[in-house]
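1. what follows is a predicted protein model with its sequence.
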Amino acid sequence: MGIEEYAKTARKRGAEKISRVAALVYRVGFSDRHIIAQAAGDDLKYASRLVKKGVLKKVSQEGHRDAFVLTEVGLTLALDRLAGLIHQTGEEIHYPYLDGRVPWSMFQHECAVQQVLISLGCHKNVDGIGWQASRELRGRVRPDAIFAIFHPDGRDEKIWIEIERTTKNPLARALQIWDRLQAVKNGECSRILWVTEGRGVELALRRALEKRVAPKAFRCDQSRIHLLPDAAESLKPLRDASIVVPMWELADAGMDLLVD
């Protein structure tokens, strides 16, 4: 390969990588330099290089890692890359962060969700239908993300991803468990991948899933959670459908944890 042809190929690879990262940031909303580096297969300075190219904008907030959002240029690149997906699904997600107002209260949680998606290889299929970030989902009960496995025999699976970073109070946990139990029973998901940060969080979740029954839980307004123990149901369907894994283990194992 001559120097000119090599340079042309290198430019093409570089442009493909930029559009892939732009598409990922579009789908997840915002990200940090660690996720962007992993998605690009590059070093931690890659996000800053895209800032210089006008594709990303850095947004800072005291007490947080820097966030990176798309510029108008980056948004155009992302929409070009995702045109097929948008046509297939019929939905274009409104991109809300051009003004730089990142929801910092959700920043660490969303980066944890993105880390899981990276561990499952979603960045390699950035314009595919095999996964959905939280902001692409609709409905009253929404997981943190969805990952699909398409089997040759047509036995497709929809896997809900739930990130557990802190322990929940008993009422919040009861509502979460009840809603996920109903999702499994109604066929909204095949399995649930619970990804935990911290041993205490993992143990609390496992204890909740090991109970024999779950009381019916619901909100009658925007704040109060009510329990109906007399309407309890067996937790076995949810327990059988659940995979509980620490974040570090998922990062090492990736898709191997989900493949039968």
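-> Alright, I've got the coordinates.

2. make it CA atoms for all contacts and neighbour counts henceforth
-> Will do.

3. chain center to the longest strand seen in the chain, what's the gap?
-> In the chain, with assignment by DSSP state E, the single longest strand is strand 225-234. Centroid separation for strand 225-234 versus its chain: 30 Å, with Cα atoms, centre = their mean, to the nearest Å.

4. what mean pLDDT does the helix or strand just after it get?
-> Later in the chain than strand 225-234, the nearest helix or strand by DSSP states H and E is helix 236-241. The pLDDT scores in helix 236-241 average 98.

5. can you list the buried residues in helix 236-241?
-> 236, 238-239, 241 (16 or more other Cα atoms under 10 Å).

6. closest to Ile192 among these?
-> Using Cα to Cα, Ala241 comes nearest to Ile192 of those, at 6.1 Å.

7. residues touching that closest one, list them.
-> Counting by Cα atoms under 8 Å, 6 or more residues apart in numbering, Ala241 touches 184, 190-192.

8. in helices, which of those fall?
-> Among these, the members found in helices (DSSP state H) are Val184.

9. rewinding a little: turn the buried residues of helix 236-241 into a markdown table, columns for distance to Asp256.
-> Formatted as a markdown table, these follow (distance: Cα to Cα, whole Å):
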| residue | distance to Asp256 |
| --- | --- |
| Lys236 | 24 |
| Leu238 | 21 |
| Arg239 | 20 |
| Ala241 | 16 |
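
10. out of the contacts of Ala241, name the ones that lie in strands.
-> Judged by DSSP E, those include 191-192 as members of strands.

11. just the closest of the contacts of Ala241 to Leu85, please.
-> Nearest to Leu85 out of these is Ser190 (Cα to Cα; 23.2 Å).

12. number of nearby residues for that closest one?
-> As a burial measure, Ser190 scores 18 neighbours (other Cα atoms under 10 Å).

13. please begin residue numbering at 56 from this point
-> Sure thing, new numbering starts at 56, so read that last one as Ser245.

14. in terms of helices and strands, where is Asp234?
-> Secondary structure from DSSP H and E places Asp234 in helix 225-240.

15. which parts of this protein are helices?
-> Using DSSP H, helices in the chain cover 58-83, 88-95, 101-107, 127-136, 138-144, 162-174, 225-240, 254-264, 291-296, 302-308.

16. closest to Phe273 out of those?
-> Of the helices of the chain, nearest to Phe273 by Cα to Cα is helix 225-240, at 6.3 Å.

17. packing partners of the closest one?
-> When contacts are defined as 3 or more Cα pairs under 8 Å, 6 or more residues apart in numbering; DSSP states H and E, helix 225-240 packs onto strand 268-274, strand 280-289, helix 291-296.

18. buried residues, that helix. List them.
-> Buried positions in helix 225-240, judged by neighbour count with 16+ other Cα under 10 Å: 227-239.
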